[in-house]
Each structure stands twice: as structure tokens, then as C-alpha cells.
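Enquirer: Structure for this input, please:
(chains A and B)
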Amino acid sequence: MLMLLTAQTAERHGEEERRELDRLLSGVAAGEREALAQLYRRTRTAVYGLALSNVKNAHDAQDVTQDTFVRVWDSAQQYRPQGSPMGWLLAVARNLALMKLRQGARQEQLDEEEWDAIPADSPAVTPEDRQILQTALASLADQERQVVMLHAVTGLKHREIATLLQVPLATVLSKYHRALKKLRVQLEGGTLNDR
Amino acid sequence: MTDKELEGRLEQAVNHAVPDDLEEILSRCKTQKGIVIPMMQNDTTSKRKKRWISMAVAACLTLVIAGGGAGYYYQSTNQVASIVSLDVNPSIELKVNKNEKVISATPMNEDATAILEGMELKGVPVDVAMSAIIGSLLQHGYVDELANSILITVEDEDVQRGEKLQQELTAQADAALASAQVNGAILAQTLQHSDQLTQKAEEYGISSGKAALIQTIVDGSGGLKTFEELVGLSINELNLIYSSQSSSASQSQGGESIIGGADGPTDIVVSNTIQTSGTASQSAYIGVEAAKTAAVNHAGLSASAVTFLEVDYDWEDGRMVYGVEFITDQTKYEYEIDAGNGSVVKYETELRGMVNTGAGASASSYIGESAAKAAALNHAGVKESDTAYCNVWLEYDDGRAEHYEVEFVVGSTKYEYEIALTSATVLKQEQKTYASGGGSTGSAGNTSGAGNSTTAGNTSSAGNTGSTTSDIGLEAAKSAALKHAGVSQSDATFTKTQRERDNGRLEYEIEFWVGTTEYDYTIAASDGSVLDFDTDRHSAPASDSTADIGRDKAKSIALNHAGVSESQTYKMEVKQDYDDGRMEYEVEFEVNGRDYEYTIDGSDGTILSYEAD
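Expert: I've put the predicted structure just below:
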């Protein structure tokens, strides 16, 4: 029962968040720079997380995040408030991340072990942060990483993640569980059989 | 660490890692908000006034939006009556007010920026703007004898007004092309706004009009085409495919025709009527006759010895192809010929008429799998040692053996054979050569990339490079996984076989169990290579394990806990799983959009974990 109550509260919270994002997007569409700034502060972690889970290095993720908000500024008029504002924002980000990947594919493939995905000069990043990010980037399959990152960072529901990634819900759920399992194994040791 | 804690750590880490680039973003946003070309001298005052109105509306929205968010619609429809988009490869969007005057002209891609350069379209009647844009397209070489198709889309909530505008603009565009003595082809459509279509267009960075055209083709393809594989094509290529598809569907007479668009259930319903005029250019391709000759020559026949059934255009495996079908008395042939260079991409032959497949004969008279395999390899002139993968099995239909199926892959060519049960007769065979390399589009003279418009032989639009459409097929993918695992098909129980796209790459997710070991593979659809695999040895249930509560009981425990009845649920799934030697049930379902997941101890019904999302 407590769970249901918590879930209802969470849903109300989600609805408020959606309205707030809709409001900010309307502001951006009307050319308000402050609305863009607020939108950025609220959603940059989600956008950056999605970008990072796709492009797998901090530098490109930073580019994609910047490009996403510039694109939003340019095209917010096309957004209609009936949809999911976060879903729309992330679809824009994902599209740009995939474009970045396609550009990157023409260049030399970097060996996954060779680069440090998270630059050492990020002062806020603790050794624990670095460990979990590197683990997520190195030991998860692409889709597993995307699913777990989207769920953890963007607040999207599994169903919305399935829509965004255009895969069945069951796939999202199984990837999500497998990803958490793998992360736990990497971070805590043990075997895949451990829960 | 619980799932929640783990997610919390991940979120915190990303939160710490994300750089604060707000200043840079804002500095980039100064000049990039579309291109609104000013027409009037005292522009600054009118602009400020409009901005003020927009802000006032936005401020009201914070109050209105709680009531359902219709305010924004009011705002936008009040200003913009129709949205007209023009697609060639450059893609331009004109916002038009109810007096058919241009409010803004926005380039939707890089090519379009050059087209609009130096034009002042704001306040100009939309038909005049259309002529000017077509003039600029011609001048920049985007419409020529190699690629002559233009897509005009009018998006308007008022269908009648939209259709009227569409007719006017089509006539205007026709006239502009005629006066430049260009043999153009125009596709025109009127749409009502659809959120899904807009989002799809935004996701792929194309106009809603182009998205609607692609959706119409996808809907009409009977499940053979996907949005993603068509998204990189130029309007000329899409026009060729659309015309080919609709002429075989409705046998429309040549020249001008009006063709009904989508039917059938889809995610995005595009009740679209596309009006076509003129004929899409085929000058970049070898032509229908050359394609027929290439196919017949490959079959070792002469044109006079065969009866042609059909020749059409298609987009296959990243290239334009001609589909050529013909028959002789004994055999039906189907070819796909690369439209750029005339090479054979795929061919299929099938014996016609009464053929003795051996079906119904007693199993003792079957030739056996190894003889069937040998017959197929022999026919193809291939040694088994040269194959990347080779598989043979008995194909059943309605519980009765029909024929042997043999599949093998050599290099980038996949062979499929059907061999008669009691003789080594080849009943049917198919051979397909995939475009080599990840993402390469393969056809000759095809340089993809934005901005390059006039090079001879180049009709491909920018960038479909991400999506390789090579596909070895599900059976081959399963075999590749089994081979890698060293497991025979008969020992494996498949729990999941799914084709999906990951980052633009086509993959097969294959999961199977052998005894208590779970195998989880990701196989590249392009070549059958193993991209990722995972084995999970689940302990067998302890032999003295007390009881199994059963699926139904597990389900009802979860439903009781969630306080819902099964009739309220959607997508109910109950799975048995072993974890740490313990048998568990995983129960998942959805109620009113919320996902529930339970893990329940299979022996005593204890809820081990649950989650509502």
C-alpha cells in the first residue's frame, strides 16, 4: 500500500514536472532566453546522460548536449504540448548523438581501453563516480547502458524508454535488469547469479 | 546495493560529470533561431511588439496549461494558418498566415540555407515565394534531368483551405519548371498536424512532409519497408519507389494520377492522398531495358525465350534496384538488379507447375540431410569448407515434411535452397549479395553527403550511411549463436529471438537455454558475427526442493499485493527463473501505464522484490 501511495505521489510529481517543462518549452518557442536557461538547468543531466550512454565519451557527450539545446532553441515551435516534453527533448538529443556516432564511424575507431572516457579534470567527479561511469561505459552492451542510464538519469519510465529507443517493452525490461546485474557484479564482485 | 541505490549512484555520477555550458549555449543561440527575413523598414518595432505578445501569451499559458495545454495551439494557429514545406534535398519550411502571406521561411537543412540566401520572403504571397524558391533550386542545380522531383506539402487544420493552397502551389511550381524548360515531377500532399509525425520528423531531422511521404510508402509496402531505411533517400528516389508501388497497386494510367495513400494499421496514421504529376527522373540509372537484359543474360536465356511479368523500382540493402520478374515454361525467375551499375544483387528461381517434392512419401525414402546439403552446395558450386555458416533442416508445414531447406553464406552472399525430399531436385533457390562494409551504400556513382548536388550520377541524398540493411536472417543468426556456443539446435530451447536495431545497426538478440544454462547472444545481422554474449549458469533446483507454487499462484500473489485484478492488467508476463539455486517467478504487468515487476520465491510464494515504475 505504501508502495502505491509513493507511486501516486511520484506520478503527481511527474505530472508537475511535465507541465513545468511544457511551460519552459513554450517560453523557448517565444524566444525567451531565460526559459532556455531554466530548461537547461533542469534537464542537462538527463540529456548529458543520454548522450554519454550513446557516444561513450565525455567530449562528444558535451558537444551533443550543447547541440541539443541549440537545436531546441531553433525548433521549440515545432513541439506541441500534448506529448511528453522530456521524450521530445531526448529524441532530439538521441538523434544528434546518432549523427555524432555516424560522423565518428568514418574516423578511426578508438580502442575502448585506450581513452579515458571521463576526463581527469572534472573537479566534481569523485573516484566513486568515475568508477561507476567507467564501468557502465566499458562493461555494458550499448543498449543495456542506454536503458539503465535513461532510467536512472532521465526519469523516463520503461515504457517511454521503449518508445524512445523503438524496441519492445520486454526488451527494455530485460536489458535493464541485466544491466543492473552486470553493474553490481562489476562494482561489488561476485557472479552474475548474485542478486 | 539495491537497484535504487545503484541507479542513485549512477545519477549522481552523471550529475557530477555534466559540464555547465549554459553561457556557450546561449551565445550560440543568438542568431540561430530560424531565418526570418525582414521585409519592412520599421521592422524593429513590429518585431518587438510581436515578442511582447508572445511573452504575454506564454505568461498566460502558465495558467491555461493546467487546463489541458490547449493554449499553445491557440497561440500558434492564431498566427500561422498553414505550413508549407518544399523538399528536394534542400528542405524549406514556410509559415503562412490566413492571407497566404509568408510569415517566416526556415531552412530545414544545410543545403536549404544556400537556397534562401539573399531572399526576403516575409510578407510575400506564398505562390510568389514558391516561384522564387524553385528558381533558386534550379539555379543551384538541385532540380535537373538526373533528379527532378519536388515534394510540396501543405499542413493545415482546415483541409479544404490546405487543399486549395496545395493546388495553387502545384500549379505555380509546374509553371516555374515549365518556364525553365525543366521536365520536373511534383508530388503534392495536404496534411493535418500530427504530433507523432512531427516527432518522427524531428527525430530524423527531416520535414513533416517528407516524413509523411515515407510513412505512406512504408504503409503501402506490406511490412517490407521500414521508415528508417527510407529516411536517407532523396525525394526523387522516394518518388520512383512511390510511383512504382502505387502503379502496381492501382494500375494507374500514366501521366497525371491521383492515388490513395495509406491504408492498414500503423503507429502513425497518415490518411494521405498524394497527387503526382510528371515522371520522376531515371536518368541516373541504367534504365528498365538494360535491367531486363542484365537479368536475362545472367540466367543464360534470351529475351525472346522468356515472358516478363513485372519490372519495378525498389530500395534494397542501401541501393536502388530494379526488380525484374520473368518466367519460362519450367521456371520462374526473380531478379534484383543494381540500378546504378547493372550488377545482380539478388536472384531467385523456382520450378513451376506440378513438381514432385516428395511430400507424402514415406520418411524412409527421404534422401537425408547430408545429401540435401550436398545437392545445394553442388548446385551453387560451393564447398562446405568455404561457407561461413551452413545449415540444413527438414521444413514442415501442417506437421508434414515439405522439403529440405539448406542455407549457407559464402563471403557476402547468402544462399537459400529448397531441395525435394526424395530426390536431389532443386525446387527453389535464392541468392543474395549484400553491399559490403558497414553502412556503405554500394551503388556506383553514389556519393552521399550534403551540399553536393550537381555531380553526374549522384542521385542519392545525404546520409543514409548509418543504417546497413544487410540481413542474414533469423535462422542464420540462431545458427551463428549455436555454433559459437558449441550447442546443437536440438539441445537448445529458444526463449527469445528478436531482430532489432541498436545504434542504427541491425542485430539479432538470441536467447536460449541448454539444461540450466542460459545463453544470451547479440548477433550482427550483416554478417552473423557475435557482437556480445553472455552465459548464465543457473543452479538446478535443489532436488529436495519442497514445492512449486506454480505460475498461477505466483501471479495471484503479485496481483493481490498490487491490489489489482488481472482484468485490469495489460501485458501480463510470468517467467520462471533460477537464481542462487532458488526457483523464482518473475511477474510483470502494466496497470494504467504503470509497470509492475515482482520476483516471487517459487517454493513458498514470498515476495522477494517488487517495483512499480
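Enquirer: in chain A, which residue is closest to the centre?
Expert: Chain A has A:Leu50 as the residue nearest its centroid, 2.6 Å off, counting by Cα atoms, centre = their mean.
Enquirer: Point out where chain A drops to low pLDDT.
Expert: A:1-13, A:81-83, A:104-122, A:190-195 (pLDDT under 70).
Enquirer: can you give me the helices for it?
Expert: Taking DSSP state H as the test, the helices found in chain A are A:2-29, A:33-55, A:58-75, A:85-106, A:127-139, A:142-149, A:158-165, A:169-188.
Enquirer: now, of the ones you listed, which is deepest in the fold?
Expert: helix A:142-149 (a mean of 26; mean count of other Cβ atoms under 10 Å in any protein chain shown). (Each C-beta comes from the backbone N, C-alpha and C, glycine too.)
Enquirer: And stretch B:403-418, end to end?
Expert: Distance between the two ends of stretch B:403-418: 6 Å, counting by Cα to Cα, to the nearest Å.
Enquirer: Give me the buried positions along that stretch.
Expert: Across stretch B:403-418, burial judged by 16 or more other Cβ atoms under 10 Å in any protein chain shown covers B:403-410, B:414-418.
Enquirer: For those, which two are the farthest from each other?
Expert: Across the buried residues of stretch B:403-418, the longest distance by Cβ to Cβ is 21.8 Å; it joins B:His403 and B:Val410.
Enquirer: What's the local residue count around the residue nearest to A:Met99 when sequence neighbours are not counted?
Expert: Closest residue in space to A:Met99, ignoring its immediate chain neighbours: B:Gly205 at 7.6 Å, by Cβ to Cβ, 6 or more residues apart in numbering or on different chains. For B:Gly205, the neighbour count with other Cβ atoms under 10 Å in any protein chain shown is 19.
Enquirer: possible to save the buried residues of stretch B:403-418 as JSON lines with distance to A:Leu173?
Expert: Output for the buried residues of stretch B:403-418, formatted as JSON lines (distance: Cβ to Cβ, whole Å):
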{"residue": "B:His403", "distance to A:Leu173": "39"}
{"residue": "B:Tyr404", "distance to A:Leu173": "39"}
{"residue": "B:Glu405", "distance to A:Leu173": "34"}
{"residue": "B:Val406", "distance to A:Leu173": "37"}
{"residue": "B:Glu407", "distance to A:Leu173": "32"}
{"residue": "B:Phe408", "distance to A:Leu173": "36"}
{"residue": "B:Val409", "distance to A:Leu173": "33"}
{"residue": "B:Val410", "distance to A:Leu173": "39"}
{"residue": "B:Lys414", "distance to A:Leu173": "33"}
{"residue": "B:Tyr415", "distance to A:Leu173": "37"}
{"residue": "B:Glu416", "distance to A:Leu173": "34"}
{"residue": "B:Tyr417", "distance to A:Leu173": "39"}
{"residue": "B:Glu418", "distance to A:Leu173": "38"}
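Enquirer: In strands only, show me the residues you listed.
Expert: If you go by DSSP state E, the buried residues of stretch B:403-418 have B:403-410, B:414-418 in strands.
Enquirer: Over to the residue nearest to A:Ala141 when sequence neighbours are not counted: give its phi and psi.
Expert: Leaving out its chain neighbours, the residue that sits closest to A:Ala141 by Cβ to Cβ, 6+ apart is B:Asp532, at 4.8 Å. The phi/psi pair for B:Asp532 (degrees, to the nearest 10) reads phi -160, psi 140.
Enquirer: residue contacts, B:Asp532?
Expert: A:Ala141, B:Tyr521, B:Thr522 (Cβ atoms under 8 Å, 6 or more residues apart in numbering or on different chains).
Enquirer: same check, this time on A:Arg33
Expert: B:Leu26, B:Cys29.
Enquirer: I'd like the next helix or strand past the lowest-mean-pLDDT helix or strand in chain B.
Expert: In chain B, the helix or strand scored least confidently by mean pLDDT, DSSP states H and E is strand B:257-260, which has a mean of 28. Using DSSP states H and E, the helix or strand that follows strand B:257-260 in sequence is strand B:273-277.
Enquirer: what packs against that following strand?
Expert: helix B:159-179, strand B:185-191, helix B:235-250, strand B:257-260 (3 or more Cβ pairs under 8 Å, 6 or more residues apart in numbering or on different chains; DSSP states H and E).
Enquirer: what does the first one rub up against?
Expert: To tie it back to what came earlier, the one meant is helix B:159-179. B:81-82, B:84, B:96, B:98, B:100, B:126-127, B:130-131, B:134-135, B:138, B:143, B:150, B:152, B:154-156, B:183-184, B:186, B:188-192, B:275, B:277.
Enquirer: Torsion angles phi and psi at the residue sitting nearest the centre point of chain B?
Expert: Ranked by distance to the mean C-alpha position of chain B (Cα atoms, centre = their mean), the top residue is B:Thr226 at 2.5 Å. The phi and psi torsions at B:Thr226 (degrees, to the nearest 10) take the values phi -120, psi 160.
Enquirer: Touching, it and B:Val218? I think so.
Expert: Yes: under the criterion of Cβ atoms under 8 Å, B:Thr226 makes contact with B:Val218 at 6.6 Å.
Enquirer: still on that earlier bit, would you list the buried residues of stretch B:403-418 in CSV and tack on pLDDT and distance to A:Arg44?
Expert: As requested, the buried residues of stretch B:403-418 are exported to CSV (pLDDT from 0 to 100; distance: Cβ to Cβ, whole Å):
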residue, pLDDT, distance to A:Arg44
B:His403, 87, 59
B:Tyr404, 90, 59
B:Glu405, 90, 53
B:Val406, 91, 55
B:Glu407, 89, 49
B:Phe408, 88, 51
B:Val409, 85, 46
B:Val410, 84, 50
B:Lys414, 85, 46
B:Tyr415, 90, 52
B:Glu416, 90, 50
B:Tyr417, 92, 56
B:Glu418, 91, 57
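Enquirer: Also near chain A: which of those residues, exactly?
Expert: Of the residues in the buried residues of stretch B:403-418, proximity to chain A by Cβ under 8 Å from any Cβ of the partner chain holds for none.
Enquirer: so which of those residues comes closest to B:Ala17?
Expert: B:Val409 (43.0 Å).
Enquirer: Leaving aside the residues adjacent along the chain, what's closest to A:Leu173?
Expert: A:His158 (5.9 Å).
Enquirer: how near is that neighbour to A:Leu150?
Expert: 9 Å (Cβ to Cβ, to the nearest Å).
Enquirer: Domain-wise, how is chain B divided?
Expert: B:1-22+B:46-78, B:82-277, B:288-433, B:474-612 (automatic domain parsing).
Enquirer: continuing past the helix or strand in which B:Gly209 is found, what's the next helix or strand?
Expert: Using DSSP H and E, B:Gly209 maps to helix B:208-219. Next helix or strand after helix B:208-219 toward the C-terminus (DSSP H and E): helix B:227-230.
Enquirer: Summarise which helices and strands that following helix is packed against.
Expert: So helix B:227-230, by 3+ Cβ pairs under 8 Å, 6+ apart, packs with helix B:208-219.
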